[in-house]
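> Provide a 3D model corresponding to the input given below.
(2 chains)
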Number of protein chains: 2
Amino acid sequence: MSRRGLFGALGAGALGAGVGAAAVFGSDVAVQAATGNFPAAASATPFFGRHQAGITTASQDRLYFAAFDVADGMDRAGLIQLLKEWTNASARMTQGLGAGTEPVSAGDYEAPPEDTGEALGLSPAGLTITVGFGPSLFKDAAGRDRFGIAGRRPAALVDLPAFPGEDLIAGSSNGDLCVQACSDDPQVAVHAIRNLSRIAFGRAVMRWSQLGFGRTSSTTRAQVTARNLFGFKDGTSNLKAEDTELVNRWVWAGREGDWMRDGSYLTVRKIQMRIETWDHQTLSDQEATIGRTKPQGAPLSGGTEYSALNFHAKGQGGPLIPTDAHVRLAHPTANGGAQLLRRGYNFADGNDDLGRMNAGLFFAAYQRDPRTQFIPVQTRLASSDALNEYTVHVGSGIFAIPPGVERGSYLGAPLFA
Amino acid sequence: MSRRGLFGALGAGALGAGVGAAAVFGSDVAVQAATGNFPAAASATPFFGRHQAGITTASQDRLYFAAFDVADGMDRAGLIQLLKEWTNASARMTQGLGAGTEPVSAGDYEAPPEDTGEALGLSPAGLTITVGFGPSLFKDAAGRDRFGIAGRRPAALVDLPAFPGEDLIAGSSNGDLCVQACSDDPQVAVHAIRNLSRIAFGRAVMRWSQLGFGRTSSTTRAQVTARNLFGFKDGTSNLKAEDTELVNRWVWAGREGDWMRDGSYLTVRKIQMRIETWDHQTLSDQEATIGRTKPQGAPLSGGTEYSALNFHAKGQGGPLIPTDAHVRLAHPTANGGAQLLRRGYNFADGNDDLGRMNAGLFFAAYQRDPRTQFIPVQTRLASSDALNEYTVHVGSGIFAIPPGVERGSYLGAPLFA
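Below is the predicted model:
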């Protein structure tokens, strides 16, 4: 049996679902073929829809996040073409298919494979791919409007202000484009980013990237609250997908959004935790810093995890929830009602020369308008939060997350319409 | 209800299994209490035994690996005490319990918690903790025998030679002690390393550490072969736990081992992959480099994944498995029969300034004697393997893995007997 024969046998068998898709990258035909004709894998999340997936979707366990800069020399047509190819590949990968028209290039044995292969045989494990546009896409550092879109920059896509205490690393911040890949299988998430980067070769360069090994914030009521690396439950009072009215009010851009309607805004912060310092604090101090009990995540004002926080309750030593406790300062009541849909992930990137872990929380929050949500909340936290003693923000980004993609269209099409 | 009251209620309830264990870190009593009196969680792997767990144990999905250097000023008694405390905490954590006698310090609300908390509520997910001793533990860089064990350094624990093409980073290499934490849940693996580091505070300093997000090599026949970031199945012909005779011959130290009998030797290599270069090679080139087909992992000499490699089979262009193919040079027939029990993990640590992924394979191999196993195999591969064009070894380590721990004893006790 020839090698080609072996390969062909597999192509027509186990991977047969992919055979027959139009071999045209980025064309509307291919996009439709890629997702219309194949039975979705059991663990597949729909790609097409009114909103991009990966926002109110139940938080998957693992994350790979990457920011890209569009290469010099790219123009509007080139950017649109890249977004079409990313759309095609994303629509396929989220359904458990290879990034190209074949999992590996059965069609051309003497060409590089159209998929890198490491997710072969794996289910998509809920994979979502969520793409966004940074401020620099609209106007770069040199003030150039490379893609003829400067006039369409959304008012809500402001540059983030400098926050007190942050110590940002350029190589972990900003970017023209972002891609959030979430899956219950990290191999699937890494595969997705790696293939989008491969497809973009010469046209967009990975600026920074981050693996998140464990989810924190839940985004649906069905999920158990997970813990961050301070050992506390994180996201108990996060906005949940089931809170339809609140989600419509606080997450999705509305009529004010023009081409961003049904989109959202993503702010990300790579928050390094001073793990070793924290671990030396007493349980009493840790709980006072957060404002909740460590084992149950109950408010220090009493009750159980989901009990309402009572900021007025006092004990012998003052308020049961201290005035500088994290939960008090982050709470909507302290922020004009503002809420965020958080989608955080724990990270661990080795350690420094003194043996201290480079670990913490990759904070990601979706919102309708950062000017009235993330920015004022973070301004308050950065100045007063008791937790600041144990954290430093080392990465940052803000991105406009365009609305979802209709079948036959591509990511960000309304921006270029 | 007081905060203490809330806490106490939980301590006696959901976490009640931990209550009643002797609150003596590192004592034999505590070790026995920690693992003898509690029902093991369903997903718990036994800690005590003839061999350390985490070697022939079915490869868990995720890894956190750390190397530590013992702090200046530590003496033999201090090292033994540290190993006893690590034994105690490891015996507990692998059974799904907190690192200390309580998951959080219910016993002393005004002390730092004896467990950091982020694994509360999680099952151990098969957690194994495997501890080893590096050459520098026996004699440090200054030639000092800090712990009175220089005379007991095993002959098989040689310093690894320099291999052609390697580009080692000191901060990703070597160490006095190593800890391999494997679990199907990365939060559990990170929690284990973090708590052992916390326990060692002031006595051992984390030198380097590595998250592995996805297993490659299978170690049992029940496991499906997983793929590395070249997209190929990795470890098809790995030694498997079921190969009892081969495992006894190639993995466990025997009578020659003195205090190392029933132990093993671990060599680790952090292998950076040139992902972007690889992704531009044709499928034909990729398969010729490895010596197997990409989709099925079948030998290029024919058959299916588990078919024997036929190194003599020739086609029009020469041997079907090229002379410099990875599988040919790594195969036991090319290495005097030598085999390794590999336990590799894919990693992704962000990217460099040119947008290239810092990703690859964290290679770990257990063996009876590196002098006749890893070293000659790697010497051959480093000089001739076609894969060298796409890889560079950036981290390295060799460690003596002492035998398993008997109840009432501690990790490495035979070394100090």
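> Give me the longest helix you can find in chain A.
As assigned by DSSP state H, the longest helix anywhere in chain A is helix A:76-93.
> packing partners for it?
Packing partners of helix A:76-93 (3 or more Cβ pairs under 8 Å, 6 or more residues apart in numbering or on different chains; DSSP states H and E): helix A:28-36, strand A:128-133, helix A:186-199, helix A:413-416. Every residue, glycine included, has its C-beta placed from N, CA and C.
> run the last query once more with 10 Å
Applying 3 or more Cβ pairs under 10 Å, 6 or more residues apart in numbering or on different chains; DSSP states H and E, one finds that helix A:76-93 contacts helix A:28-36, strand A:62-70, strand A:128-133, strand A:177-183, helix A:186-199, strand A:204-212, helix A:413-416.
> Restrict it to CA atoms and write it as CSV.
Extracted C-alpha coordinates of helix A:76-93, given in CSV (Å, rounded to 0.1, in the frame of the first residue of the first chain):
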residue,chain,number,x,y,z
ARG,A,76,-7.7,47.6,3.6
ALA,A,77,-8.3,44.8,1.1
GLY,A,78,-5.5,42.7,2.7
LEU,A,79,-7.0,43.1,6.1
ILE,A,80,-10.5,42.2,4.9
GLN,A,81,-9.0,39.1,3.2
LEU,A,82,-7.3,38.1,6.4
LEU,A,83,-10.5,38.5,8.3
LYS,A,84,-12.3,36.3,5.8
GLU,A,85,-9.7,33.6,6.1
TRP,A,86,-9.8,33.8,9.9
THR,A,87,-13.6,33.5,9.7
ASN,A,88,-13.4,30.5,7.5
ALA,A,89,-10.8,28.8,9.7
SER,A,90,-12.6,29.7,13.0
ALA,A,91,-16.0,28.5,11.7
ARG,A,92,-14.3,25.2,10.9
MET,A,93,-12.2,24.7,14.0
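> got the angle between it and strand A:128-133?
Interaxial angle of helix A:76-93 relative to strand A:128-133 (axes from the mean of the first three to the mean of the last three Cα atoms, to 10 degrees): 170 degrees.
> gap between helix A:76-93 and the chain center?
In this view, helix A:76-93 has its centroid 18 Å away from the chain centroid, taken as Cα atoms, centre = their mean, to the nearest Å.
> Tell me how far the residue sitting nearest the centre point of chain A lies from chain B.
Centroid-nearest residue in chain A, with Cα atoms, centre = their mean: A:Q180, separated by 4.0 Å. As judged by Cβ to the nearest Cβ, to the nearest Å, A:Q180 and chain B stand 15 Å apart.
> Contacts only, for that residue.
Shown in contact with A:Q180 (Cβ atoms under 10 Å, 6 or more residues apart in numbering or on different chains): A:52, A:54-55, A:63-66, A:128-132, A:189, A:192-193, A:210, A:212, A:266, A:268, A:343, A:345, A:364, A:366, A:399, A:401.
> Name the residues of stretch A:398-407 that are buried.
Residues of stretch A:398-407 classed as buried under the neighbour-count rule (16 or more other Cβ atoms under 10 Å in any protein chain shown) are A:398-405.
> Widest-spaced pair of those residues?
For those, the farthest-apart pair by Cβ to Cβ is A:I398 and A:V405; their separation is 21.5 Å.
> what about the residue of the stretch 1-150 of chain A found nearest chain B, neighbour count?
Residue nearest to chain B within the stretch 1-150 of chain A: A:G117 (2.4 Å; Cβ to the nearest Cβ). Around A:G117 there are 25 other residues, counting by other Cβ atoms under 10 Å in any protein chain shown.
> count of neighbours near the nearest residue to it once chain neighbours are set aside?
Nearest non-adjacent residue to A:G117, counting by Cβ to Cβ, 6 or more residues apart in numbering or on different chains: B:G231, 2.4 Å away. If you count neighbours by other Cβ under 10 Å, B:G231 ends up with 25.
> try A:L83
A:L83 - counted by other Cβ under 10 Å - has 22 other residues nearby.
> give me every residue that touches it.
A:26, A:131, A:133, A:177, A:402, A:405, A:410-413, A:415-416.
> can you tell me how far it sits from A:I149?
Taking Cβ to Cβ, to the nearest Å as the measure, A:L83 falls 12 Å from A:I149.
> I'm done for today, thanks for sticking with me.
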